[in-house]
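> coords below, sequence missing:
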Ligand code: B12
């Protein structure tokens with residue numbers, strides 16, 4: 001696989017001018033296109049990184065660099081290649097969170113949005129894990145191992161984002177609905193909101209409806225985010241949302257965003273919601289971030305929605 005000097009610079013965590021200098025000095029092997037652009041083999045970049053001790057993340061995935069870099073390039077175009085999906089599944093199964101975190105950082109430095117990584121790459125990985133489990137090819141322990149490794153990655157991302165944020169009053173209350181143990185989707189939304197500069201009141205898994213309300217009241221938060229997977233029935237999701245909507249929205253008005261694999265089926269029952277205008281269902285994290293973009297810096301989520 002051949003890389004440009006800019007791509008090489010990103011992988012080596014350095015400036016393009018340094019790459020050009022190393023090429024000119026013959027320290028980094030490169031060829032030149034007819035148009036005069038430098039092309040550097042990924043294997044040479046990895047070799048250089050090892051010798052010079054540069055490119056921390058590249059070194060962490062050095063053995064699988066081809067899979068990672070070609071997979072990241074495809075993700076930039078919105079595609080998930082099978083080799084990177086299988087590699088991430090294997091790393092999660094091996095509890096190699098460090099490599100997955102390095103892959104995330106590499107993808108981020110190539111401008112793959114975090115929401116895209118979650119929806120496409122991690123979504124695909126977990127779907128294939130879920131299918132294997134349903135077919136009996138994956139044990140419960142293996143499924144837990146994968147989820148816990150992924151949570152390690154997500155908590156790491158959360159901690160690094162928290163370090164860059166000055167805490168403010170939370171504007172978003174987030175958790176999984178009552179009875180819902182699948183928590184990775186909610187953690188993903190937490191990191192995305194934090195990345196967007198929001199302080200999130202995160203309640204984790206299996207949260208009773210009244211507790212979402214309690215925290216909404218405490219912080220006068222304009223948004224409650226609920227995560228629910230296919231393991232919850234659509235009727236149960238709608239009932240949980242209705243319990244939350246019971247509170248009159250005038251005191252401290254708020255909306256409810258429902259996401260997770262259960263959201264699509266629950267959306268079909270939207271007519272059963274007591275205040276459908278205050279609820280929005282999301283199929284993906286990317287869609288949510290797109291919807292939320294205008295309110296990310298802003299006065300009020302509710303104001304934004306009513307415009
Ligand atoms: C890991 C896993 C588990 C782990 C969860 C560990 C954990 N700490 O989270 C454990 C082992 C505990 C588990 C338990 C169970 N599971 Co399970 N599990 C999964 C698996 C493999 C992955 C789930 C996951 O994390 N998905 C990844 C997230 C990223 O996807 P997502 O939820 O759709 O979220 C994305 C978007 O929807 C969005 N999003 C998510 N939340 C929100 C919120 C908002 C506000 C917004 C805007 C967006 C948003 O962002 C995410 C990024 O793309 C799925 C397989 C699958 N296909 O999903 C099965 C799966 C969901 N589980 C299933 C089942 C059946 C169960 C159990 C009932 C098994 C059992 N008999 O005990 C229990 C139920 C537990 C409970 N009460 O909740 C079934 C559900 C199918 C069904 N119709 O019932 C699935 C589909 C597996 C299968 N193929 O059969 N499970």
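Received the coordinates, thanks. These numbers were taken from a predicted model, which means no experiment stands behind them.

> Am I right that residue 110 is in contact with residue 73?
Yes: counting by Cβ atoms under 8 Å, residue 73 is a contact partner of residue 110 at 7.4 Å. All C-beta atoms are positioned from the backbone trio N, CA, C, and that covers glycine.

> So those two - more neighbours on which side?
The neighbour comparison of residue 110 against residue 73 (other Cβ atoms under 10 Å) goes to residue 73, with 18 against 15.

> Tell me the buried residues in the helix or strand in which that one is found?
Element membership for residue 73 (DSSP states H and E) is helix 65-76. Neighbour-count burial for helix 65-76 flags 65, 67-69, 71-75 (criterion: 16 or more other Cβ atoms under 10 Å).

> what does stretch 196-214 give?
For stretch 196-214, by 16+ other Cβ under 10 Å, it's 196, 198-203, 205, 207, 209, 212-213.

> do stretch 142-156 as well
Applying 16+ other Cβ under 10 Å to stretch 142-156 flags 143, 145-147, 149-150, 152-154, 156 as buried.

> Residues of the stretch 201-307 of the chain that sit close to the ligand?
Applying Cβ under 6 Å from any ligand atom, one finds that the stretch 201-307 of the chain approaches the ligand through 225-227, 229-231, 257, 259-261, 282, 284-285, 288.

> try 8 Å this time
By Cβ under 8 Å from any ligand atom, the residues of the stretch 201-307 of the chain that approach the ligand are 205-206, 225-232, 257-263, 282-288.

> Using TSV, lay out the buried residues of stretch 196-214 together with pLDDT and secondary structure.
Below are these laid out as TSV (pLDDT from 0 to 100; DSSP: H, G, I helix; E, B strand; the rest coil):
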residue	pLDDT	secondary structure
196	89	coil
198	89	coil
199	90	coil
200	94	strand
201	96	strand
202	98	strand
203	98	strand
205	97	strand
207	98	strand
209	96	helix
212	96	helix
213	94	helix
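
> and these as a markdown table, adding distance to residue 131?
Formatted as a markdown table, those follow (distance: Cβ to Cβ, whole Å):
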| residue | distance to residue 131 |
| --- | --- |
| 196 | 32 |
| 198 | 34 |
| 199 | 37 |
| 200 | 31 |
| 201 | 34 |
| 202 | 29 |
| 203 | 29 |
| 205 | 23 |
| 207 | 28 |
| 209 | 31 |
| 212 | 31 |
| 213 | 36 |
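
> before we move on, the earlier item: can you name the residues in contact with the helix holding residue 73?
By Cβ atoms under 8 Å, 6 or more residues apart in numbering, the surrounding residues in contact with helix 65-76 are 1, 3, 11, 42-43, 45-46, 58, 61, 80-81, 83-85, 87, 103, 106-107, 110-112, 116-117, 120-121.

> same question, stretch 104-121
By Cβ under 8 Å, 6+ apart, the residues outside stretch 104-121 that reach it are 7, 10-11, 13, 57-58, 61, 68-69, 71-73, 75-76, 78-80, 84-85, 88, 153, 157, 188, 191-192, 195, 284-286, 288-289.

> make it 6 Å
With Cβ atoms under 6 Å, 6 or more residues apart in numbering as the test, stretch 104-121 has contacts from 10, 57, 72, 75-76, 80, 188, 192, 284-286, 289.

> Any figure for the gap between the spatially most central residue of the chain and residue 105?
By Cα atoms, centre = their mean, the mean C-alpha position of the chain lies nearest to residue 118, the distance being 3.7 Å. As judged by Cβ to Cβ, to the nearest Å, residue 118 and residue 105 stand 15 Å apart.

> re earlier: reformat the buried residues of helix 65-76 as a markdown table; add distance to the ligand.
Below are those laid out as a markdown table (distance: Cβ to the nearest ligand atom, whole Å):
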| residue | distance to the ligand |
| --- | --- |
| 65 | 26 |
| 67 | 21 |
| 68 | 20 |
| 69 | 23 |
| 71 | 17 |
| 72 | 18 |
| 73 | 21 |
| 74 | 18 |
| 75 | 14 |
